[in-house]
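Student: Build me a model from this:
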Amino acid sequence: MNNFRVIFEVTLKSLIRDRLLQVLLACALFIFLVVPALSLFSMRQVQELSVTLSLSAISIILLVLTVILGSSSIWRDIERRYLASVLGLPVSRTSYIMGKFFGIVTFIMVGSILLGLVATVVIALVSSQYPSDIPVRWLYIWAAILMDGFKYVLVAAVALLFSAVSTSFYLPFIATLVVYFCGSASQGVYEYITSDYGKTMSAMTRNLISSIYYLIPNFAAFDFKVQAVYPLAVPFQGLLFTGVYFLIYTGMVLMIAVWVFNRRELA
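Tutor: The predicted model follows:
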């Protein structure tokens, strides 16, 4: 446990010193300055557009940060020969992986909260100047932000898994992006092949797509932007199901990452 805490603290401190916090603050300033201006392009739904743009900006920023952090965490330590020194101490590889993961996760969740606070200020300013008939439901907006944060925690786990296998930065980076975009579109594809339109496809193709659907993470389950914009009731069962799915899938990915890294030969 002490080894895990040391790796966790070192990872978190290195992320803060690596100017990533400054990048996060710059992105927050970008949201604050750009979103109100872009929202004015909608003459009738200024408030709704400000919510949409704010949540979309948060999602894009977290995606970029998560993929870069998860893909480069182990690779950087190998390039700097830091990993060999750490594993030469009485530190297990499991503690190393878990410490890295939770350091990245803490940075992501703190970043999502910080960006969420900025988005709250932006949405409040826009809605006060251009009131809408649709009320602002802050609980729904924050539910969408936090579920987005959980989504990128899962993305970080996937990136760390690829990093535990690869010796380069590019393979985890590209593979994580591929999994992310496929996982974001998988729900729509699955609904298509199970509809009447999908019956025109061969059974083998439908079975293959269904297998891929259940294999890769379903990131669409974490998307509650529509509920936040218009404000629709967030179903408790949906949140509960997504939370359980998040815990199980993230735990499985981490177990595989630890198993692979424990069997990896490091030069």
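
Student: Distance of residue 153 relative to residue 251?
Tutor: Distance, residue 153 to residue 251, by C-beta to C-beta, to the nearest Å: 11 Å. C-beta coordinates here come from the backbone N, C-alpha and C atoms, glycine included.

Student: Equivalent analysis for residue 174, please.
Tutor: Distance, residue 174 to residue 251, using C-beta to C-beta: 25 Å.

Student: And for residue 213?
Tutor: 20 Å.

Student: Same check on residue 226?
Tutor: In terms of C-beta to C-beta, residue 226 sits 28 Å off from residue 251.

Student: and if you look at residue 10?
Tutor: 24 Å.

Student: Number of residues surrounding residue 96?
Tutor: 24 (other C-beta atoms under 10 Å).

Student: Quick check: buried residues in the helix or strand it falls within?
Tutor: Element membership of residue 96 [criterion: DSSP states H and E] is helix 93-129. Within helix 93-129, the residues that count as buried by 16 or more other C-beta atoms under 10 Å are 93-105, 107-112, 114-116, 118-120, 122-123, 126-127.

Student: That one - contacts with which helices or strands?
Tutor: When contacts are defined as 3 or more C-beta pairs under 8 Å, 6 or more residues apart in numbering; DSSP states H and E, helix 93-129 packs onto helix 2-17, helix 20-39, helix 46-79, helix 82-88, helix 138-165, helix 236-262.

Student: Check the offset of that helix from the chain's centre.
Tutor: 10 Å (C-alpha atoms, centre = their mean, to the nearest Å).

Student: How about stretch 122-140?
Tutor: Computed by C-alpha atoms, centre = their mean, the separation of stretch 122-140 from the middle of its chain amounts to 26 Å.

Student: start to end distance for it?
Tutor: End-to-end distance for stretch 122-140: 16 Å, by C-alpha to C-alpha, to the nearest Å.

Student: For that stretch, which outside residues touch it?
Tutor: For stretch 122-140, contacts defined as C-beta atoms under 8 Å, 6 or more residues apart in numbering pick out 31-32, 35-36, 39, 45-48, 50-51, 54, 120, 141, 224, 227-228, 230-232, 234.

Student: pLDDT averaged over it, what's the number?
Tutor: Per-region confidence: stretch 122-140 scores 86 on mean pLDDT.

Student: Looking only at neighbour counts, state which of residue 153 and residue 251 leads.
Tutor: residue 153 (23 against 11).

Student: contacting residues for that one?
Tutor: Here residue 153 is in contact with 105, 108-109, 246, 250 (C-beta under 8 Å, 6+ apart).

Student: Okay, now the unreliable bits of this protein?
Tutor: Applying pLDDT under 70 to the chain flags the ranges 1-2, 21, 42-43, 84, 86-88, 266-267.

Student: One more pass at 50, please.
Tutor: Flagging of the chain using pLDDT under 50 yields an empty set of residue ranges.

Student: who's sitting farthest from the centroid in it?
Tutor: residue 200 (35.0 Å; C-alpha atoms, centre = their mean).

Student: So that one versus residue 194, what's the distance?
Tutor: 13 Å.

Student: How much space separates residue 165 from residue 150?
Tutor: For residue 165, the distance to residue 150 - C-beta to C-beta - is 24 Å.
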